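Trainee: following is a predicted model, sequence given first.
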Amino acid sequence: MSTYDAIIVGAGFGGLSAGAILAKKGWRVAVLEASTELGGCAGKFNRPGYRFQAGATVGMGFEKNGVLARLFDELEIDLPPMQRMDTIMDIHLPGQTIHYYRKKSKWFQEIERIFPERSSAVKAFFEEVFQVGTRLDALLLDLPVFPPKRLGDWVRLIPYLNGNTIRLAPYLTQTLYDRLKRYHLHKDRTFMTFLNGQLMDSVQTTAEYCPAFLGHAALHTFHKGAYAVEGGLATVAERLADSIKDNGGEVRLNRPALSVDPEGKEWLITSKRQRTYTAKKVILNNSIHNFTSLFNQQQVADSNISSLEDKNASWGAFVLYLGVDDIFPEDVLYHQIIQDPSKPVTETNQFLLSLSQKEDRTMAPEGKRAITLSTHTELHQWWDRDAYEERKALYVEKMLNGVETSFPSIRNHIDLQLPGTPVTFERYVKRDKGRVGGYIPTGKWSWLHQHSVYTGLNNVYSCGDTVFPGAGTLGTTLSGWIAANEAMK
């Protein structure tokens, strides 16, 4: 049996990015994916006539010097066809709609319309967002290991101690809510509803618990551009997989890693039907939640994973996939619907509606559109088998009621309707208990409790949404890139 330079466990954006970089450098790489699709939570599935985006839908990082643009340049491959949206999304609140524009000038005009009495404060806050976001972009260009866990990590951060990073110090030691107090925005109900909706979709929490720099980075990223990729984000995953194969690597679907065991100075990965693979290095892209199921008790004890696992909570997702007649506008593809500003922005009270592009025939037939609706949900309730079907039907009804407030005739135009729950995500995407979106930030210091790419085991690295910088295709891509760089060292 030959030995691979690296085995990648999981074909999400992190694993595919790591595998593509290593294969491009001449490493012998194999990617083992447990499901039958690429892309993980940013993957897709097909039903007669339709291609649905499983979870993540909004494309970001494709602008000049964006994370995915730089990655594709590094790999010397072309980005798939895509459209950058002038309107990031429409946010539908009871009685009003906020048009979240990409361009600063148009967004500031919208701020004046929506927040006439606080427009100066809101604009000042977003000026801070853009300034801090730009400083964070400069920091990420060199892909440092973060947060530092070992002495060597701290030593390697010394070159970053310059005027730029010193100016970022306040945002590393405060929550976003703390920053809002400076502008007296924390008590503005409409603004906080809008802001918390954006934060939930990007960093999995609200301003009160969000480290300031994470919130600033997420909000700044929105204004670099929201892209609709032809065929959905799974098309990006397919291109990364093709790059791996074009450079001599392997991508194997329906090939779960069942165990990872030491074998001398190498690692033995066992898959179903007792297929085995030997690798010098291993990169895990199958979620930290799955870590303990792969290694024996001694390896878990030797790692730096087990001590943190119980301290970090994650959301699940309830998703509703619809095939519909094309009654929707083509100029805005992403819509956030918040039904009651007085309630938490979870459990169908807030959800994202993502439309396929009007002319994208890979996603829907002529005259039809594919829609993904998604909301955050608590995990534990979905494992009550007796209440499962009733709860699922209730959530479908609540979501459709919410859509009707902005698109009243939606029910008359549905020809395909498929709900998905955390149980679905565990079954098809292989996420433990259906956990998605990474860990939920819990305060200003919560970033220090994140996992870096180091697992604590020799030559075993981790990437994905449970590894810093966390959720979203940008965060997972960056973590995969960092993991590949560290493996090559």
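Mentor: Happy to help now that I have it. Numbering: from 1, shown residues only.

Trainee: now do the strands in the stretch 151-300 of the chain.
Mentor: Applying DSSP state E, counting those that start in this stretch to the stretch 151-300 of the chain gives strands spanning 226-229, 250-252, 257-263, 266-271, 276-284.

Trainee: quick one: average pLDDT of the first one?
Mentor: When pLDDT is averaged over strand 226-229, the result is 94.

Trainee: what is that strand packed up against?
Mentor: Counting contacts by 3 or more Cβ pairs under 8 Å, 6 or more residues apart in numbering; DSSP states H and E, strand 226-229 packs against strand 82-85. In this view, the C-beta of every residue, glycine as well, is placed from N, C-alpha and C.

Trainee: for the strand it packs on, what is the distance to the chain centroid?
Mentor: Relative to the mean C-alpha coordinate of its chain, strand 82-85 is positioned 19 Å out (Cα atoms, centre = their mean, to the nearest Å).

Trainee: list the buried residues for it?
Mentor: Neighbour-count burial for strand 82-85, counted by 16 or more other Cβ atoms under 10 Å, picks out 82-83, 85.

Trainee: want to throw these into TSV with distance to Ile338?
Mentor: Formatted as TSV, the buried residues of strand 82-85 follow (distance: Cβ to Cβ, whole Å):
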residue	distance to Ile338
Met82	27
Gln83	25
Met85	20
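
Trainee: what is the nearest of these to Val460?
Mentor: Taking Cβ to Cβ as the measure, Met82 is the one of the buried residues of strand 82-85 closest to Val460, at 34.7 Å.

Trainee: could you measure from that closest one over to Leu68?
Mentor: From Met82 across to Leu68, the span is 10 Å (Cβ to Cβ, to the nearest Å).

Trainee: go through the strands of the stretch 151-300 of the chain and name the closest to Arg51.
Mentor: With Cβ to Cβ, the closest approach to Arg51 among the strands of the stretch 151-300 of the chain belongs to strand 226-229: 11.8 Å.

Trainee: give me the contact list for that closest one.
Mentor: If you take Cβ atoms under 8 Å, 6 or more residues apart in numbering as the criterion, strand 226-229 is touched by 58-60, 62, 80-85, 88-89, 102, 235-236, 333-334, 356-357, 360.

Trainee: just the buried ones from those residues, in PyMOL syntax?
Mentor: A single PyMOL command selects the buried members of the contacts of strand 226-229 (16+ other Cβ under 10 Å):
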select buried, resi 58+59+60+62+80+82+83+85+88+89+102+235+236+333+334+356+357+360
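
Trainee: among the contacts of strand 226-229, which lie within helices?
Mentor: Mapping those onto helices (DSSP state H) picks out 235-236.

Trainee: residues in contact with Pro256?
Mentor: By Cβ under 8 Å, 6+ apart, the neighbours of Pro256 are 32, 34, 271-272, 430.

Trainee: now do Gln357
Mentor: Applying Cβ under 8 Å, 6+ apart to Gln357 gives the contacts 83, 228, 230, 330, 333, 363.

Trainee: what about the third one, distance to Ala56?
Mentor: Here the distance between Glu230 and Ala56 works out to 16 Å (Cβ to Cβ).

Trainee: and those two? which has more neighbours close in?
Mentor: Ala56 (30 against 16; other Cβ atoms under 10 Å).

Trainee: next up, the contacts around that one.
Mentor: Contact partners of Ala56, counting by Cβ under 8 Å, 6+ apart, are 41-42, 233, 472-473.

Trainee: got the domain boundaries for the chain?
Mentor: 3-43+71-80+231-311+440-488, 100-226 (automatic domain parsing).

Trainee: with distance to Tyr388 as extra columns, can I get the ones you listed in CSV?
Mentor: Formatted as CSV, the domains of the chain follow (distance: least, Cβ to Cβ, whole Å):
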stretch, distance to Tyr388
domain 3-43+71-80+231-311+440-488, 21
domain 100-226, 24
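
Trainee: now, of those, which is deepest in the fold?
Mentor: Comparing the domains of the chain by mean neighbour count (mean count of other Cβ atoms under 10 Å), domain 3-43+71-80+231-311+440-488 ranks first with a mean of 21.

Trainee: and it, how far apart are its ends?
Mentor: Domain 3-43+71-80+231-311+440-488 has an end-to-end distance of 16 Å (Cα to Cα, to the nearest Å).

Trainee: what of stretch 336-353?
Mentor: Its first and final residues considered, stretch 336-353 spans 6 Å by Cα to Cα.

Trainee: where in the stretch 251-400 of the chain is pLDDT low?
Mentor: Within the stretch 251-400 of the chain, the segments meeting pLDDT under 70 span 306-312.

Trainee: how about the helices in it?
Mentor: In the stretch 251-400 of the chain, the segments counted as helices under DSSP state H, counting those that start in this stretch are 291-294, 297-302, 306-309, 388-404.

Trainee: need those in a markdown table with distance to Lys181, can you?
Mentor: Shown next, in a markdown table, are the helices of the stretch 251-400 of the chain (distance: least, Cβ to Cβ, whole Å):
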| stretch | distance to Lys181 |
| --- | --- |
| helix 291-294 | 38 |
| helix 297-302 | 42 |
| helix 306-309 | 30 |
| helix 388-404 | 31 |
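
Trainee: of those helices, which is nearest Lys149?
Mentor: Lys149 lies closest to helix 306-309 among those, at 10.2 Å (Cβ to Cβ).

Trainee: which SSE is immediately downstream of the host helix or strand of Thr424?
Mentor: Here Thr424 sits within helix 422-428, counting by DSSP states H and E. Note on helix 422-428: by DSSP H and E, the next helix or strand toward the C-terminus is strand 436-439.
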